[in-house]
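Student: Can you look at this prediction? I've put the sequence above it.
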Amino acid sequence: MSAAARDAAALDESDPLAAYRARFVGTEDPGILYLDGNSLGRPVRDLPERLTRFVEHEWGERLIRGWDEGWFDQPLTLGDRLGRVVLGAAPGQTIVGDSTTVSLYKLIRAALAAQPGRRTIVVDRGNFPTDRYVVQGIAAECGASIAWLDPDPASGVTVDDVRGVLTGDTAAVVLSHVAYRSGYVADVPGISAAAHEAGALVVWDLCHSVGALPIRLDEWGSTSRPDAHTSTSTAVPVRRPSST
Ligand SMILES: Cc1ncc(COP(=O)(O)O)c(C=O)c1O
């Protein structure tokens, strides 16, 4: 075994999350590392049993009573759990919603609608393609302008880059926490504070950081306005205007 492989094995052994690996299907072969997930993670082993229980009992037996017996609340209760465990967001701010793209569309539209006097959206050319397409579609639909950022492709968007394009017309700044190509980690609190100083809202795509990097939305938004954060393919943390 090489020194690097020994180091990696030692890190795995001391990893407090290592025991969770066995809960997923397909992890028996330590030689297979699933890095190219494309939004499709491994299923958990007890998924068939959980789905069967849901279909046969919750849906099959309880029928529409299921809505009052938990389904209605689940986007909120699961959202609160995600807020606590991976987002650093206090209860009452996170919901489980649509796909990231659909959520981004709704949130950017909401950011424009909330600031009728402002018509410019800031986004970077290195952002995830669907994020850019959504911004372009909304700009065309609403007659808004786009202020494009051209960050260094080897890194990502900095506070100074954002400050350089902010104006009194900026409604929303749409960025990703982790640049999907370079792995660059954006300064969320710094960029958010700069945008807020200019009176703009920020929509952060957290797809590549939730569960992988420490995230403290409440702490980072302490200077904050009601920003929005979308993450993974189903969870949509939305900060309410409690801190305005
Ligand atoms: C950074 C980023 N944003 C947005 C998306 C789009 O996600 P969805 O398929 O949930 O709309 C992805 C999907 O891989 C992504 O990686």
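Tutor: In hand now; what should we look at?

Student: and stretch 174-181, which residues are buried?
Tutor: In terms of neighbour count (16 or more other Cβ atoms under 10 Å), stretch 174-181 has its buried residues at 174-180. For glycine as for every other residue, the C-beta is placed from the backbone atoms N, C-alpha and C.

Student: What parts of this structure come near the ligand?
Tutor: Contact residues, the chain versus the ligand (Cβ under 6 Å from any ligand atom): 39, 99-101, 128, 130-131, 176, 180, 205, 207-208, 233.

Student: Just the buried ones from those residues?
Tutor: Buried members of the residues of the chain next to the ligand, scored by 16+ other Cβ under 10 Å, are 100, 128, 131, 176, 180, 205, 207-208.

Student: what's in contact with the longest strand along the chain?
Tutor: In the chain, assigned by DSSP state E, the strand with the most residues is strand 170-176. Strand 170-176 is contacted by residues 104, 108, 111-112, 115, 118-124, 127-128, 131, 135, 144, 147, 157, 162, 166, 186, 191, 195, 198-208 when judged by Cβ atoms under 8 Å, 6 or more residues apart in numbering.

Student: Quick one: buried ones out of the residues you listed?
Tutor: Neighbour-count burial (16+ other Cβ under 10 Å) applied to those gives 104, 108, 111-112, 115, 118, 120-124, 127-128, 131, 135, 144, 147, 157, 162, 166, 186, 191, 195, 198-208.

Student: chain center to the strand or helix carrying Ala8, what's the gap?
Tutor: Take DSSP states H and E as the rule and Ala8 turns out to sit in helix 3-14. Computed by Cα atoms, centre = their mean, to the nearest Å, the chain-centroid distance of helix 3-14 equals 30 Å.
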